[in-house]
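Peer 1: Dropping a prediction and its sequence here:
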Amino acid sequence: MDLISRIPKVELHLHIEGTFEPELMLKIAKRNNIQLPYKSVADVKKAYEFTSLQSFLDIYYQSAQVLLTEEDFHDLTYAYFQKVATQNVRHVEMIFDPQTHTSRNVAYETVVNGIWSGMQAGLKDFSITSKLMLGVLRDLTEEDAFVLWQQALPHIDKLAAISLNSAEQGNPPSKFAKIYQAARDKGLLAVAHAGEEGPSEYIWQALNLLKVNRIDHGVRCTEDEELVTYLKQQQIPLTMCPLSNTKLCVYKDMSEHPIAELLRKGLCVTVNSDDPSFFGGYIEENYRAIQATFDFSDKEICQLAENAIQASFLNQTEKQTLMDELNNIQQEVCHD
């Protein structure tokens, strides 16, 4: 077994709705008597040719429409754990987007309870720990976000953090400063998508106005040397998703991706899969794609894994357990 297979993996940037594999989508659509514009798995996969973030979001929201019951959300979540158990994923911090479902008159409780039961089954059957992050759709208003917040409050014990997602262009983090303050006041941690298609200024806003613990994506930090220096000094984690960025044409080719440059400058970059069903790979495929492009050393691969462990919302004891496992693998590799 090679190093990438062996390292304990922590996934920090994962949209659970983005793990919806075509086979399961068609199965649940049939169960719920919903007609999709696809007759086969091949038809669905043909639709996964994206030209931008928005072209992806259009089909992402369409596929989510088949999810109606707690059983549906449980099955979606459990299928992800079943998949990544084969890739030695040990912990995941997943985002879910309730507004995608409540807008279709699916109750918030249905969504969160189904996902939560899938998470517990993932722990029981595969020993994968997980945390849940409340996604706020940034192309909606902050008032809409507060409606979501009221729905979420009775179930806040299931949440670890608040997250800002969806179409970034023209939807700056500054739109959501109040909802982030409300979430932090209730003890939630904070993450936000920033600097994917939006400018580096959005990363500054996420840090200064939303007071986030991590930046999701953050690739456009390279446009601002002062920002790169700040991210390095503060060791602000960047949850990068290489296959996503190439699939959505943020970069034409993986060789243009800044993950290697930023890692080698000492920034806390991590490897994640974002919406793996749509973007052609889970976390291990993302590791392999960047390894093939940038020829990372064993030490660098282990550093990426360590960054994810340290950037997670696990407690110190839990982090140390994973670090001990990673360190043992590193010693074996160095010894070999």
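Peer 2: On my side now, so go ahead.
Peer 1: roughly how far is the lowest-mean-pLDDT helix or strand in the chain from the heart of the chain?
Peer 2: Of all the helices and strands that make up the chain, helix 53-64 has the lowest average by mean pLDDT, DSSP states H and E, namely a mean of 79. Distance of helix 53-64 from the chain centroid (CA atoms, centre = their mean, to the nearest Å) equals 16 Å.
Peer 1: again with stretch 3-15
Peer 2: That offset, for stretch 3-15, works out to 12 Å (CA atoms, centre = their mean).
Peer 1: Could I get the buried residue list for it?
Peer 2: 3-4, 6-15 (16 or more other CB atoms under 10 Å). From N, CA and C alone the C-beta is placed, and that goes for glycine too.
Peer 1: Then stretch 47-65?
Peer 2: 47, 50, 53, 56-57, 59-61, 63-65.
Peer 1: for stretch 29-44, same thing?
Peer 2: Neighbour count says stretch 29-44 has 29, 36, 38, 44 buried, by 16+ other CB under 10 Å.
Peer 1: okay but the first one is in contact with Val41, surely?
Peer 2: No - assessed by CB atoms under 8 Å, Ala29 is found out of contact with Val41, at 12.0 Å.
Peer 1: rewinding a little: out of the buried residues of stretch 47-65, who's nearest Gln82?
Peer 2: If you rank the buried residues of stretch 47-65 by distance to Gln82 using CB to CB, Ser63 comes first, at 18.8 Å.
Peer 1: Give the full set of residues in contact with that closest one.
Peer 2: Ser63 sits next to 17, 20, 25, 36 when contact means CB atoms under 8 Å, 6 or more residues apart in numbering.
Peer 1: so what's the last one scoring on pLDDT?
Peer 2: Residue-level confidence at Leu36 comes out at 84, pLDDT.
Peer 1: what's the spacing between it and Gln62?
Peer 2: Noted for Leu36: a distance of 8 Å to Gln62, by CB to CB, to the nearest Å.
Peer 1: Name the helix or strand for Leu12, please.
Peer 2: strand 9-15 (DSSP states H and E).
Peer 1: can you check Val106 too?
Peer 2: Per DSSP H and E, there is no helix or strand for Val106.
Peer 1: so how many other residues sit close to it?
Peer 2: Neighbour count for Val106, taken as other CB atoms under 10 Å: 21.
Peer 1: Got the confidence number for it?
Peer 2: 97.
Peer 1: and it, what does it touch?
Peer 2: Residues counted as contacts of Val106 (CB under 8 Å, 6+ apart) are 67-68.
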